[in-house]
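Novice: sequence first, then the predicted structure, then my questions.
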Amino acid sequence: MSTVSIWRFETSDGAEAALRALERLQERRVVVIEDAAVLVWGAGERRPYGYQVGSANGVSALSGAFWGLLFGLLFLLPLAGAAEDLAVLARVGLSDRFLAQARDRITPGVSALFLVTDRAAVDRLRETLIGADLLVCTIDQQHETALRRAFDAGTDDGTELDRHA
């Protein structure tokens, strides 16, 4: 099972600082991050900006389309009319409740680190990312398969990248 975790920081630069610490943990093979994205919402800004980081070896488990859809639905698009897109995220295991909690917690002046990992990595990261507000969604095998089928970061020819290289 995979876990989508959102680590919220009280400053707009907190997630990027945490990302540097996370990269060091990956290099030492303390944790394995399947995919990551950063969202920064500067104080006084109308909307946040986000970007996909991938993993320490540069491979992303999910396509940028997943992060774009997630960030767009959470922060950029009005909720009215987005029901179909929300249903897509629900079909891959991200509940309306989880999305509403993320929307409520990420506001101007904060930043967030979005991770796709296994549950053990979340537990190890709690010790490193002290002071972060954590929101976790565990995705069962059926939803994980749907998530990967819908948003897999395969190559243009439809084949999947070798994540273990």
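Specialist: Now that the structure is in, tell me what you want to look at.
Novice: show me what the helix or strand hosting Phe66 is packed up against.
Specialist: Following DSSP states H and E, the helix or strand that holds Phe66 is helix 64-71. If contacts are counted by 3 or more C-beta pairs under 8 Å, 6 or more residues apart in numbering; DSSP states H and E, helix 64-71 sits against strand 35-40, strand 49-52, helix 83-91, helix 141-151. For every residue, glycine as well, the C-beta is placed using N, CA and C.
Novice: if Ser111 is in a bridge, with which residues?
Specialist: Following DSSP bridges, Ser111 is listed with bridge partners Phe9, Val40.
Novice: so what's it up against?
Specialist: By C-beta atoms under 8 Å, 6 or more residues apart in numbering, the residues touching Ser111 are Arg8, Phe9, Thr11, Ser12, Asp13, Gly14, Ala15, Glu16, Val38, Leu39, Val40, Trp41.
Novice: pLDDT averaged over the helix holding Phe66 - what is it?
Specialist: Average pLDDT, helix 64-71: 83.
Novice: next one: stretch 147-164
Specialist: Mean predicted confidence for stretch 147-164 is 54.
Novice: pipe the helices and strands packed on helix 64-71 into TSV and attach mean neighbour count and distance to Leu70 per row.
Specialist: As requested, the helices and strands packed on helix 64-71 are exported to TSV (neighbours: other C-beta atoms under 10 Å; distance: least, C-beta to C-beta, whole Å):
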stretch	mean neighbour count	distance to Leu70
strand 35-40	23	8
strand 49-52	17	9
helix 83-91	13	7
helix 141-151	16	9
